[in-house]
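Participant: Show me how the following folds:
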Amino acid sequence: MLSRRETETLMTQKMSKIAADRGIEYFLVCFTDLFGVQRSKLVPAAAIDGTMKNGAGFAGFATWLDMSPADTDMFAIPDPDSLIQLPWKPNVGWMAADLKMGGEWVAQAPRVMLRNAIAAAADKGYVMKSGVECEFMLISTDGKGPSDPADNMEKPCYDQQALMRRFDVISEICDALLALGWNPYQNDHEDANGQFELNWDYTDALVTADRHSFFKFLVKSVAEKHGLRATFMPKPFSNLTGNGCHGHFSLWSRDADKNLFQDAKGELGLSELAYKFLAGVLDNTHEMTAITNPIVNSYKRINAKPTASGATWAPQSITYSGNNRTHLIRIPDDDRFEFRLADGAVNPYLFQAVILYAGLDGIEQGRTPGKRLDNNMYDPKEVKKDAKKLPLNLLDALRSFERSKALRKKLGDEFCNAYLKLKTNEWQEYSRHLTDWERDSYLDC
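Facilitator: Residues are numbered from 1 along each chain as shown. This next block holds a predicted model:
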């Protein structure tokens with residue numbers, strides 16, 4: 001059952017009073033649907049106390065949640081702990097919301113799903129902490145290429161000149177993160193032309209998911225302000241490295257501020273519990289790729305040819321290693337592991353939930369990850385031939401997800417059925433689309 005503090009306990013101070021103190025005139029009450037689209041209503045501060053109690057009303061079928069026009073109203077209940085005052089428009093506050101329908105939490109709602117996963121971990125004495133690295137590109141408004149024509153190096157990663165030509169945009173985003181208290185610690189130009197990444201501190205999984213969601217909104221809004229367009233699309237350009245979303249994960253004690261992944265006597269400094277969790281993620285990766293890489297375009301990133309830089313920066317097989325970026329899971333330090341498969345299209349809430357559920361499955365089943373590999377998985381001479389491959393396309397991923405007993409048990413039938421239905425429809429729509437490549441290749445057959 002969903003563990004959530006009652007609204008009256010959360011509301012120790014009326015939100016209207018907080019609004020008056022901070023100069024907030026409007027609130028965006030926001031939820032994220034199954035396709036990762038952020039949906040909001042703009043609520044005046046004068047009406048926010050009623051919305052905190054009763055929620056903002058939505059027609060659920062009008063979003064990607066697999067609902068019918070005959071369904072009753074859906075209400076988004078704001079979480080006051082998630083309040084963020086927009087740095088670029090401080091008279092507006094943003095709050096993430098959980099969805100209710102007919103007095104019950106909506107099972108297929110991503111944030112509700114993550115709350116349930118967090119509650120399941122808490123029942124076992126665990127808290128998951130995480131951080132995300134969200135790559136994005138600044139492109140022209142017509143979407144045809146990077147916005148900076150001078151950003152054309154074959155190996156543009158960490159290019160100082162290209163970074164500083166976009167200083168006004170990147171610094172404004174970073175200044176916003178500093179003002180919000182996220183403790184950003186570095187910004188860089190990534191491996192693709194026009195590609196950037198900003199890093200901030202890790203924290204509890206729900207907060208990370210909320211921040212991940214808000215970060216995408218922030219980046220796009222600041223880019224628009226500067227006459228540019230930001231995209232998190234996994235592979236917007238076939239010749240450039242795609243946009244990944246690497247996640248760093250660790251399990252902590254619920255009752256003590258202690259990282260349960262650390263063990264000075266363990267291999268690479270990780271505990272037996274950490275390796276069981278890691279093994280659960282590995283064993284469920286093929287099945288959960290439909291969630292971590294959720295769109296047709298995702299598979300053009302993870303099954304891509306190397307770019308001019310020499311690598312795709314995306315995994316190709318289900319393997320793990322030490323501090324080695326050519327594997328799906330990397331162990332960069334003794335306090336966490338890095339999951340390198342997810343991409344820019346991943347749903348911030350489902351990402352955290354599926355990793356947590358997979359890890360708990362590993363602990364419950366006493367799974368082991370086997371021997372780590374220290375080879376170069378991008379070198380054909382070193383590739384481990386018998387390593388399990390990732391799905392080739394979204395349909396393969398959906399079929400694998402549908403067969404997963406462990407994930408279905410954790411995520412529930414209602415969520416799994418809704419997700420499979422909507423994503424299968426998306427694949428079928430893509431399959432019916434006629435491309436220029438097909439005309440060029442087959443018109444004379």
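Participant: Now K388: closest residue in space that isn't a chain neighbour?
Facilitator: I318 (4.4 Å; Cβ to Cβ, 6 or more residues apart in numbering). Just so you know, the C-beta spots here come from the backbone N, C-alpha and C atoms, and that holds for glycine as well.
Participant: Apologies, that question was intended for H327.
Facilitator: Ranked by Cβ to Cβ, 6+ apart and with sequence neighbours excluded, the top spatial neighbour of H327 is S321, at 4.0 Å.
Participant: just checking, that neighbour touches L373?
Facilitator: Yes: using Cβ atoms under 8 Å, S321 is in contact with L373, at 5.3 Å.
Participant: Please enumerate the shared neighbours of these two.
Facilitator: Common contact partners of S321 and L373 (Cβ atoms under 8 Å, 6 or more residues apart in numbering): H327.
Participant: and the residue nearest the centre of the chain, what does it touch?
Facilitator: Closest to where the C-alpha atoms of the chain average out (Cα atoms, centre = their mean) is P348, at 3.3 Å. Counting by Cβ under 8 Å, 6+ apart, P348 makes contact with 32, 36, 110, 132, 208-210, 212-213, 216.
Participant: Among these, which ones are in helices?
Facilitator: Counting by DSSP state H, the part of those found in helices is 110, 208-210, 212-213, 216.
Participant: Of these, just say which sits nearest to A342.
Facilitator: For the ones in helices among the contacts of P348, the residue nearest A342 by Cβ to Cβ is H212; the value is 10.5 Å.
Participant: who's in contact with that closest one?
Facilitator: Neighbours of H212 in contact, by Cβ under 8 Å, 6+ apart: 132, 134, 245, 348, 351.
Participant: for the last one, helix, strand, or coil?
Facilitator: Look at F351: counting by DSSP: H, G, I helix; E, B strand; the rest coil, its state is helix.
Participant: Please name the nearest non-neighbouring residue to it.
Facilitator: A342 (5.7 Å).
Participant: Now for the one you found: which residues touch it?
Facilitator: 244-247, 292-293, 351.
Participant: same deal with G57?
Facilitator: G57 is in contact with 41, 73-75, counting by Cβ under 8 Å, 6+ apart.
Participant: Same check on I295?
Facilitator: 234, 345, 394, 426.
Participant: Could you do K220 as well?
Facilitator: Contact partners of K220, counting by Cβ under 8 Å, 6+ apart, are 229-230.
Participant: Check the secondary structure at it for me.
Facilitator: Recorded secondary structure, K220: helix (three-state DSSP).
Participant: quick one: it and Q38, what's the gap?
Facilitator: Distance of K220 to Q38, computed by Cβ to Cβ, to the nearest Å: 10 Å.
Participant: about what we covered before: any idea of the pLDDT on the residue nearest to K388?
Facilitator: If you check I318, the pLDDT there is 98.
Participant: repeat for the one 4 residues further on
Facilitator: With respect to pLDDT, G322 has a value of 98.
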